[in-house]
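# Quick one: sequence plus predicted model below, questions after.
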Amino acid sequence: AEVGVAAQLCKMNGAKWMYNVLSLLGIAVSLYSLYVEHHKEADESYEAFCDISPSVSCSAVISSDYGKGFGIIGQLLGDSSYLNLSNATFGAIFHLLLIVLGFFPSLLWLTVLVQLSCVPVILYLLCVMLLVLRDVCLLCSCLYVIDFSLLGVSFYIYHHQHQQQKHKKCKEHSKNNTN
């Protein structure tokens, strides 16, 4: 039984490690997206490494009207609104928040809830990218894969944590009944 517990602990540590790595990758990709955005604003001829063709261009998607405030905040509050940040800024903040929440295992439910609340935003941006802009942003696509992977890892950790709590309660209950 102790070998099984050790194996579970190893899996759990691996999942937590993966959660941290994915969160850091999310920050790195978001920061590079900001880099691309700022260089494209300063120089229209700038081409990022992910600008492969006219239909596969990170800078085209990132510098589009949808690249700030999800294409919505500027329309509602004005382009000069302090909430009309670039999507990359929102991405960096989101992944930083996930890292901070990762330090509080008792708030794992909140971590999962925050990630779930972002799924419609990700799907919206994916549809905009493919159906409206008719372009592919490799950085954006990487972030979508990272975010869905993070959600899967978070569900795994949440499920494992919930199972441990159930097992602990059962053990305590059986111990109390034998006394």
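Thanks, I have the structure now.
# buried stuff in the helix or strand residue 120 falls within?
Take DSSP states H and E as the rule and residue 120 turns out to sit in helix 108-127. For helix 108-127, burial by neighbour count (16 or more other C-beta atoms under 10 Å) applies to 108, 111-112, 114-115, 118, 122, 125. All C-beta spots, glycine's among them, are computed from the backbone N, C-alpha and C.
# tell me the mean pLDDT over the helix or strand hosting residue 24?
For residue 24, the element it lies in under DSSP H and E is helix 2-42. Mean pLDDT, helix 2-42: 85.
# Kindly list the main-chain dihedrals of residue 86?
Main-chain torsions, residue 86, degrees, to the nearest 10: phi -70, psi 150.
# Beta-bridge partners for it, please?
Following DSSP bridges, residue 86 is listed with bridge partners residue 68.
# Would you agree it is in contact with residue 35?
No: with contacts counted by C-beta atoms under 8 Å, residue 86 stays clear of residue 35, the gap being 11.0 Å.
# and the two? which has more neighbours close in?
residue 86 (19 against 14; other C-beta atoms under 10 Å).
# Give me the helix or strand of the chain that scores worst on average pLDDT.
Least confident helix or strand of the chain, by mean pLDDT, DSSP states H and E, is helix 138-178 with a mean of 83.
# contacts for the strand or helix carrying residue 92?
Using DSSP H and E, residue 92 sits in helix 87-102. With contact meaning C-beta atoms under 8 Å, 6 or more residues apart in numbering, helix 87-102 is reached by 16, 19-20, 23-24, 26-27, 29-31, 33-34, 37, 62, 66-70, 107-108, 110-111, 114-115, 118, 125, 143, 150.
# again, but for stretch 110-117
Stretch 110-117 is contacted from outside by 94, 97-98, 101-102, 147, 150-151, 154-155, 158, using C-beta under 8 Å, 6+ apart.
# Distance check, the most centrally placed residue in the chain against residue 41.
Nearest residue to the geometric centre of the chain (C-alpha atoms, centre = their mean): residue 147, 3.4 Å. Here residue 147 is placed at a distance of 25 Å from residue 41 (C-beta to C-beta, to the nearest Å).
# thinking residue 147 is in contact with residue 123, fair?
No: Residue 147 is beyond contact range of residue 123, at 10.7 Å (criterion: C-beta under 8 Å).
# would you turn the buried residues of helix 108-127 into JSON lines with distance to residue 164 and pLDDT?
Shown next, in JSON lines, are these (distance: C-beta to C-beta, whole Å; pLDDT from 0 to 100):
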{"residue": "108", "distance to residue 164": "12", "pLDDT": "87"}
{"residue": "111", "distance to residue 164": "17", "pLDDT": "91"}
{"residue": "112", "distance to residue 164": "16", "pLDDT": "92"}
{"residue": "114", "distance to residue 164": "22", "pLDDT": "94"}
{"residue": "115", "distance to residue 164": "21", "pLDDT": "95"}
{"residue": "118", "distance to residue 164": "27", "pLDDT": "94"}
{"residue": "122", "distance to residue 164": "30", "pLDDT": "96"}
{"residue": "125", "distance to residue 164": "36", "pLDDT": "97"}
